[in-house]
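structure for this input, please:
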Amino acid sequence: MTINEAQVTVSIVIPTWQRRDLILRLLDLLEVQTRPPDEVIVVDNGSTDGTAEGIGARATVIRLTENLGFAHAVNLGIRAAGGQWVGILNNDVEPRVDWLENLLKSKSSFVTGKTLSYHQTDMLDGTQDLLSQVAMPWRAGSGRPDGGQYNYQCSINFVSWTAVLYRREVFDRVGLLDESFGSYYEDVDFGIRCALAGIDGEYQPEAVALHQGSATLGAWRPATVRLLTRNHRLLIQKHFGQWLDWPTTCRLWFSQILWAMLAARHGQWRAWWQGRCEPLPATPDIPEPVALRRILQQSERELYRLQKETGFDWYWRMYFGLFPPPK
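Have a look, this model is predicted:
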């Protein structure tokens, strides 16, 4: 679906790889939205299952010959998009019929809704993202029952790019995703850049979607664990550089040990080690991250509050057991 650029209000970008069934289902759901998007762009990361042929004329399809990662695919879609709002959707998301209409109520620079577990729809998949002081993310509410404090609209700093809507000017100010991440943590990096630029967003719980989660690579596949491990190292290198003081270094190493233990519990020690040893691209020198430390301390306080109120996950119980949240 394409229209004259001057008329476009909302563009939706969907990166996909294989899983033709998922993308066709998502296109069905976008077509019946109470406020349908004006433009849908599917970036096919080299699928060999007939994805592009199945889509046909239902969306603009950008076809790649190989899978170059989430960040590269999304950036191509954003560049091609003509809307004043640009949304990004994973291919395994199923938005409810009024999802887009509810997101467009926002006056903020970006907005996300509530995602529920596809397999257990009374449980949350996630809301906003919250980060520790060493930028380890938690999808707030993940695995918790729907309701309570997650039913209130609020201002947010960080958001997963599972299902999100941005005003076009955000990309004009901050740029696009950093493609050196490939897949995973590219959205965390983007969120940090937005926060440092003074750009905040909104959580709109009335905008609801279901999310299968890791439907393409799998949650505990070796490639997933390797990339998560490697890209968190890249995130720290990029935003802290040589400015790792002793307290931050202790937090960083302990958080990585906990992550290694979690990976090992799922049989992925080897993948974790590969991610630890993989060479990283060079990143530019940065000034001392005073503003970033302040932003992350605030985010960690909220992360601790929600974990305490709804029950600690194993990882965060161990983390906060050694490092109490900042006052």
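
the host helix or strand of Ile257 packs against which elements?
Following DSSP states H and E, the helix or strand that holds Ile257 is helix 246-265. Using 3 or more Cβ pairs under 8 Å, 6 or more residues apart in numbering; DSSP states H and E, the elements in contact with helix 246-265 are helix 222-240, helix 269-277, helix 314-322. C-beta coordinates here come from the backbone N, C-alpha and C atoms, glycine included.

could I get those helices as a markdown table with mean pLDDT?
Shown next, in a markdown table, are those (pLDDT from 0 to 100):
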| stretch | mean pLDDT |
| --- | --- |
| helix 222-240 | 96 |
| helix 269-277 | 96 |
| helix 314-322 | 96 |
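
return the most buried member of the ones you listed.
Mean neighbour count (mean count of other Cβ atoms under 10 Å) peaks for helix 222-240 among the helices and strands packed on helix 246-265, with a mean of 21.

other SSEs contacting it?
helix 186-196, helix 246-265, helix 269-277.

can I get those helices in CSV with distance to Asp28?
Formatted as CSV, the helices and strands packed on helix 222-240 follow (distance: least, Cβ to Cβ, whole Å):
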stretch, distance to Asp28
helix 186-196, 26
helix 246-265, 36
helix 269-277, 35
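
low-confidence ranges, this structure, go.
Residues of the chain meeting the criterion pLDDT under 70: 1-8, 214-219.

hmm, back to that, now the helix holding Ile257 against helix 222-240, angle please.
With axes from the mean of the first three to the mean of the last three Cα atoms, to 10 degrees defining the directions, helix 246-265 sits at 170 degrees from helix 222-240.

buried sites along helix 246-265?
By 16 or more other Cβ atoms under 10 Å, the buried positions in helix 246-265 come out as Thr248, Arg251, Leu252, Ser255, Gln256, Leu258, Trp259, Ala260, Leu262, Ala263.

got the CA coordinates for that helix in CSV?
Extracted C-alpha coordinates of helix 246-265, given in CSV (Å, rounded to 0.1, in the frame of the first residue of the first chain):
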residue,chain,number,x,y,z
TRP,A,246,35.3,1.5,40.2
PRO,A,247,31.6,1.3,41.4
THR,A,248,30.3,1.1,37.8
THR,A,249,32.9,-1.5,36.9
CYS,A,250,31.8,-3.7,39.8
ARG,A,251,28.2,-3.4,38.8
LEU,A,252,29.1,-4.2,35.2
TRP,A,253,31.1,-7.3,36.0
PHE,A,254,28.5,-8.6,38.5
SER,A,255,25.7,-8.1,36.0
GLN,A,256,27.7,-9.9,33.3
ILE,A,257,28.3,-12.8,35.7
LEU,A,258,24.6,-13.1,36.4
TRP,A,259,23.9,-13.0,32.7
ALA,A,260,26.5,-15.8,32.1
MET,A,261,24.8,-17.9,34.9
LEU,A,262,21.4,-17.3,33.3
ALA,A,263,22.7,-18.3,29.9
ALA,A,264,24.4,-21.4,31.4
ARG,A,265,21.1,-22.5,33.0
